[in-house]
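> Mind folding the following:
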Amino acid sequence: PVERSAAPIMDRAPVTVPLQTGIKVIDAIIPVGRGQRELILGDRQTGKTAIAISTILNQRGQNVVCIYCAIGQRASAVAKAVATLKEKDAMDYTVVVVTEGNDPPGLAYIAPYAATSIAEHFMEAGRDVLIVYDDLTHHARAYRELSLLLRRPPGREAFPGDIFYIHSRLLERATHLRKELGGGSLTAMPIIETEAQDISAYIPTNLISITDGQIYLSPSLFELGVLPAVDVGRSVSRVGGKAQRPAYRAVAGDLKLSYAQFEELETFSRFGARLDEDTRKIIDHGRRIRACLKQPEFAPVSVPAQIAVLLALTAELFDHVPLDQMTDAEHAVHEAAANIPEDVGKRLDTEGKLSDEDRATIIEIARKSLAHFQPKPESKPEAKAESDSEPEAKVEPKPETKAGHKNETGSN
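Next comes the predicted model:
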């Protein structure tokens, strides 16, 4: 059936397994677990669908069934998304449920419930499922249209009183079942479009309160060319942190703190104030973090490559690389990640903690790959330091000679 009640509490298990999106900033700082509901919200044209499609592409070989539900979307936008999925051979494990913009509102209203029923079929068979609702703003508008035609009393923003309930009963169907019931999971990624960065509007606040976290995409970061334009400060994952792999957890805590410090200090540096050496180091390190968290569209990164880059960042190996060479330096680390020993690679994928030996091995591999990027910038400061020290050595005898002259004149 299209409408089904959500699984009872006693049938549910906690979220313990991560769902890798292949996007560095999400997997490291805002991790998503299998059975979680993670909201993607942001203004129009900020890359919301691109994040969802990238996540679907990264499920290749992960034994995850993906369902992409387009609600009231332009036919051209849906055709583009399907073409991307076909091009990357993702249609082998993906179901696409579509209602176009010219379809009646009743069809747009039913679409996400029908897609969820398809997902539940696989979940009850013990499979892990990812479902993307693109987007629930159109769904809410379709339901508003139906309600006004049925002469139901309008509430805030002309939405009917039960608008919260239609989304909560949809998203509560996403869960992780107990092992006795097959141990399947249904991960939901609803998308919401905000207007003028207003995340405190009616529908966004409803969905933020229903879901287990949100990924907020900032138009200002998008305009700066920081893609994906994830605003780390406003994004959160309330459940995924517990499901995150220990290898990420060991690295990501320092990363988030360093990035938060950088964002605060960057605003001060714009005033043209004089900065001390420590502040400059934090800002330089933060710029390298931002450059490393950038990622091209539809290009998911494997777990070993992500951890190699993140460890190189925390070990400050990128700090001597010029910003304009950061992309090449990061590619070098990605390629070097293929040389990580098999036993270490397996431990990264399991629940085992990252030992000091493993950390040292990965950092050494990253250091070697960055060797031809680092010496050039490092040699310049050393040369400067030597040239600075030489005049100081020459300056010291001068006052003595002057003093000698004074003594001579004094004696004369």
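> where exactly do the helices run in the stretch 151-300 of the chain?
163-171, 202-210, 219-224, 240-243, 246-269, 277-293 (DSSP state H, counting those that start in this stretch).
> Let's have these in a markdown table, adding mean pLDDT.
Shown next, in a markdown table, are these (pLDDT from 0 to 100):
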| stretch | mean pLDDT |
| --- | --- |
| helix 163-171 | 96 |
| helix 202-210 | 97 |
| helix 219-224 | 94 |
| helix 240-243 | 86 |
| helix 246-269 | 85 |
| helix 277-293 | 91 |
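> of those, which approaches residue 64 most closely?
Smallest distance to residue 64 across these (Cβ to Cβ): 14.1 Å, for helix 240-243. Where you see a C-beta, it was placed from the backbone N, CA and C, and this is true even at glycine.
> list the buried ones in that closest one?
For helix 240-243, the neighbour count (16 or more other Cβ atoms under 10 Å) marks 240, 241, 243 as buried.
> could the helices of the stretch 151-300 of the chain go into JSON lines alongside distance to residue 59?
Shown next, in JSON lines, are these (distance: least, Cβ to Cβ, whole Å):
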{"stretch": "helix 163-171", "distance to residue 59": "20"}
{"stretch": "helix 202-210", "distance to residue 59": "23"}
{"stretch": "helix 219-224", "distance to residue 59": "25"}
{"stretch": "helix 240-243", "distance to residue 59": "16"}
{"stretch": "helix 246-269", "distance to residue 59": "18"}
{"stretch": "helix 277-293", "distance to residue 59": "21"}
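> Counting neighbours, what do you get for residue 321?
Residue 321 has 21 neighbouring residues, counting by other Cβ atoms under 10 Å.
> what's the answer for residue 337, then?
Based on other Cβ under 10 Å, the number of other residues close to residue 337 is 23.
> From here on, call the first residue 42.
All right, first residue 42 from here; so that's residue 378.
> who's in contact with it?
Taking Cβ atoms under 8 Å, 6 or more residues apart in numbering, we find residue 378 in contact with 343, 345, 346, 348, 349, 350, 406.
> Adding distance to residue 64 and neighbour count, write these out as TSV.
Formatted as TSV, the contacts of residue 378 follow (distance: Cβ to Cβ, whole Å; neighbours: other Cβ atoms under 10 Å):
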residue	distance to residue 64	neighbour count
343	12	16
345	16	21
346	12	21
348	14	29
349	16	27
350	12	23
406	23	22
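> Which of these sits closest to residue 288?
residue 348 (5.3 Å).
> where's that closest one relative to residue 360, distance?
19 Å (Cβ to Cβ, to the nearest Å).
> hmm, back to that, columns distance to residue 215, secondary structure and pLDDT on top of the contacts of residue 378, output as a markdown table?
Shown next, in a markdown table, are these (distance: Cβ to Cβ, whole Å; DSSP: H, G, I helix; E, B strand; the rest coil; pLDDT from 0 to 100):
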| residue | distance to residue 215 | secondary structure | pLDDT |
| --- | --- | --- | --- |
| 343 | 26 | coil | 92 |
| 345 | 29 | helix | 91 |
| 346 | 29 | helix | 93 |
| 348 | 28 | helix | 92 |
| 349 | 32 | helix | 92 |
| 350 | 30 | helix | 94 |
| 406 | 38 | helix | 93 |
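> so where is this structure shaky, pLDDT-wise?
Along the chain, the model assigns pLDDT under 70 to residues 392, 415-453.
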